[in-house]
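*Asks:* Kindly generate the corresponding structure for this input.
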Amino acid sequence: MFCIRGPKTVSNAACLIGCGIQDLMLALSTHSIQAGKEKVARRLTLRQAIDTRDSLAKFIYGSLFDWLVEKINVSLATGKQHTGRSISILDIYGFESFKRNSFEQFCINYANERLQQHFNRHLFKLAQEEYELDGIDWTKIDFEDNQDCLDLIEKKPLGLISLLDEESKFPKATHLTFAMKLKQHLKSNRCFKGERGGAFSIRHYAGEVLYDTGEFLEKNRDALHSEIVQLLSSCTACQLPQWFASVLEQSEKLASSSFQLGRPAYQKQSVATKFKGQLFKLMQQLERTTPHFIRCIKPNNKQIPGAFEKDLVLEQLRSCGVLEVVRISRSGYPTRMTHQEFTRRYGFLLPENSARQDPLSMSVAILQQFDILPEMYQVGYKKLYFRAGQINSLEDVRKQVLQGTLEVQKCFRGHRARQYFHELKEGVVTLQSLMRGWLVRRRSSRIRNSKQSIVSKRKPGRRISEVKDLSPEMLPSVVEELQKRVVMAEVALGRKERENAALREQVQQFEARWLEYESKMKSMEEMWQKQMASLQTPDAGALPIRYLNNGIEAAAGGDKKGGHDPVSPLKKEFEQRKWNFDDEVQAIVEVKSVASLNPTEEVRKLKHRFEVWKRDYKFRLREAKAKAQRMGHAESEKYRRNWWGKKNKRF
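*Replies:* I've put the predicted structure just below:
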């Protein structure tokens, strides 16, 4: 028995999982065994409880990681109709060799062995096989293959992983029994070597590594008891544990019958087998891609900066196959293109008479056209093989030709666009001229029609004949409407007559005032004459009167000749306007019975013209008045000055 410490830690874990604290403690510390028809619960030891806890934590973490990756992939998926190219980066732990190497180091080194095989296959096997199959001149380069090491680990039924899974199924198996089984079945493999104390060593591509089998079986099993599965299924606060448990129940098979002692109710797939399956899926994904490899080299074993151990680096380059890759790259042909691809990409660089040849002949013609040296390429049955950097010269020529083609296309498209623009502009100008001419003709036609309608309004007999043609049912309404218009016209006419009478009265008042001013002027002149006569002697009395009479006659004659009378033009204009207004009123009265004429509108227009003329006439009357006053003062002053001047001369 053991006691669980840290109740706060247990409560936090139960809260995160979504289960009860007592349920979690019971699932981690006990295990139920089916004995016959009875189910017996027994307490676990401290070591067993810790293993159960670790198994639960690993299962939750792994399931959560798988769920999260699945959701991300579903969210980022483009669908079958929108699949495109992608770039993926694979970054895993490098080769590991410590003082004590366990199950984790074995899995990591196994993955590196499989990636090294993929590296060798693409850079050595496939490349050299392709050279031989395509019939080019090639000297085969030998390299160290790690296929024996992979067979040691993966081979069935006597591979290391198969033996590990087989031993993990036995409850009473230990690391010593596992080590003995490895020695018994794998001692014939040159990459395996059994050691003392339950250890063994494997000769990897990067070097020999010693592994301790102490925890291989426990870490490979990673089993979950039925209590753990029931605990996850009972979680209500969070839905993820329930989903994890349902997936486990659906995917995992029942390892054995429930009445067997010492066996868990649910047996997961072993960690090594699961890791192997995931690694195979990864390799299948890599096989569908075009790989580019990046090698990381450890400069020293002391993990300090600025230190470079030449022997260590050289050993890594040799064991990773980098030296062989350098040799095969220098003597090989990294750039490869089929005859059809090469012709499609560079065929337009040849003259037109060579375009009808077959792809192989065209490819050779292109290489000869641009002086590619024969030792820099080889022609195979299906492909062309170029040494490093040789294809760049063709790419430069291709870019120059395409750039020149783009310039020509740009100039031609600009010319065509400008030509099209000028054509559109000419069409628009022609259309505008036609439209403007049509608008002018329509406007002139409307003006002519309006003039004809005005003339027709002056002919009432024609309108009356149109009224006579109306039906008897419409005559009462038409007569009533005409009567209303006649009444309105008579009212407007009366208003205009009253306004005209008021204007006549104002004109008479202005004439009376003018006569009054004129009489005043005459009286003032007579008074001045009398005053002057009193100042003169009896002998010279007739002279000023003669001069005065001559001055008055001259002034009167000047007024008659010069036409400075400001009232006479206004009087004539008033009489003329009066006659015009009378004529228009008479015309409205005469045609007021015509249906097409609106007497109200005509009277309104006549009134408006009368108001405008009245304001103008008032303003001109005020000007005439001011002018008359100025003329009176000017004449009197002039007469006075002339009289005194003549008198002084006389004396």
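
*Asks:* ok, which stretches of the stretch 51-200 of the chain are helices?
*Replies:* Counting by DSSP state H, counting those that start in this stretch, the segments of the stretch 51-200 of the chain that form helices are 103-120, 126-133, 147-154, 160-168, 175-186.

*Asks:* got TSV for these, with mean neighbour count too?
*Replies:* Quick note: C-beta positions are derived from backbone N, CA and C, even for glycine. Formatted as TSV, the entries for those read as follows, by neighbours: other Cβ atoms under 10 Å:
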stretch	mean neighbour count
helix 103-120	20
helix 126-133	15
helix 147-154	18
helix 160-168	20
helix 175-186	17
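
*Asks:* so how far is G62 from the residue lying closest to F170 once chain neighbours are set aside?
*Replies:* Nearest-residue entry for F170: T177, 7.9 Å, with adjacent residues in sequence omitted and distances by Cβ to Cβ, 6 or more residues apart in numbering. T177 sits at a distance of 28 Å from G62 (criterion: Cβ to Cβ, to the nearest Å).

*Asks:* picking that back up, what about the residue nearest to F170, distance to L606?
*Replies:* Distance from T177 to L606, by Cβ to Cβ: 134 Å.

*Asks:* Check K571 too.
*Replies:* To L606, K571 is 23 Å away according to Cβ to Cβ.

*Asks:* So the two - more neighbours on which side?
*Replies:* Neighbour tally, K571 and L606, criterion other Cβ atoms under 10 Å: the higher count belongs to L606, 18 against 15.

*Asks:* Quick check, that one in contact with E584.
*Replies:* Yes. The pair L606 and E584 qualifies as a contact (Cβ atoms under 8 Å) at a distance of 5.6 Å.

*Asks:* Q390 reaches M376, doesn't it?
*Replies:* Yes. Under the criterion of Cβ under 8 Å, Q390 lies in contact with M376, with a separation of 4.6 Å.

*Asks:* OK, contacts around L231?
*Replies:* 17, 19, 23-24, 27 (Cβ atoms under 8 Å, 6 or more residues apart in numbering).

*Asks:* show me what contacts the residue nearest to it when sequence neighbours are not counted?
*Replies:* Once flanking residues are discounted, L231 sits nearest to A27: 4.4 Å by Cβ to Cβ, 6+ apart. When contacts are counted by Cβ under 8 Å, 6+ apart, A27 touches 52, 56, 225, 227-228, 230-231.

*Asks:* Could you grab the helix/strand/coil label for A27?
*Replies:* Secondary structure of A27, reduced to three states by DSSP: H, G, I helix; E, B strand; the rest coil: helix.

*Asks:* What pLDDT does the model give it?
*Replies:* Listed pLDDT for A27 reads 85.

*Asks:* Look up how far L232 lies from it.
*Replies:* According to Cβ to Cβ, A27 and L232 sit 9 Å apart.

*Asks:* cool, Y385 as well?
*Replies:* Counting by Cβ to Cβ, the gap from Y385 to L232 is 59 Å.

*Asks:* Looking at those two, which has the bigger crowd around it?
*Replies:* Counting neighbours by other Cβ under 10 Å for Y385 and for L232 shows that L232 has the greater number, 27 against 21.

*Asks:* The more buried one against P241, yeah?
*Replies:* Yes. With contact defined as Cβ under 8 Å, L232 reaches P241; the gap is 4.2 Å.

*Asks:* which stretches of the stretch 201-350 of the chain have low pLDDT?
*Replies:* Confidence mapping of the stretch 201-350 of the chain against pLDDT under 70 gives the ranges 222-223, 237-239, 242, 244-268.

*Asks:* just the strands in it please.
*Replies:* The residue ranges that make up the strands of the stretch 201-350 of the chain, judged by DSSP state E, counting those that start in this stretch, are 207-212, 335-338.

*Asks:* Run the chain-centre distance for the shortest one.
*Replies:* The reference is to strand 335-338. The gap between the average C-alpha position of strand 335-338 and the chain average comes to 40 Å, counting by Cα atoms, centre = their mean, to the nearest Å.

*Asks:* The longest one too?
*Replies:* The gap between the average C-alpha position of strand 207-212 and the chain average comes to 59 Å, counting by Cα atoms, centre = their mean.

*Asks:* by contact count, what packs against that strand?
*Replies:* Secondary-structure packing of strand 207-212 (3 or more Cβ pairs under 8 Å, 6 or more residues apart in numbering; DSSP states H and E): helix 103-120, strand 199-204.
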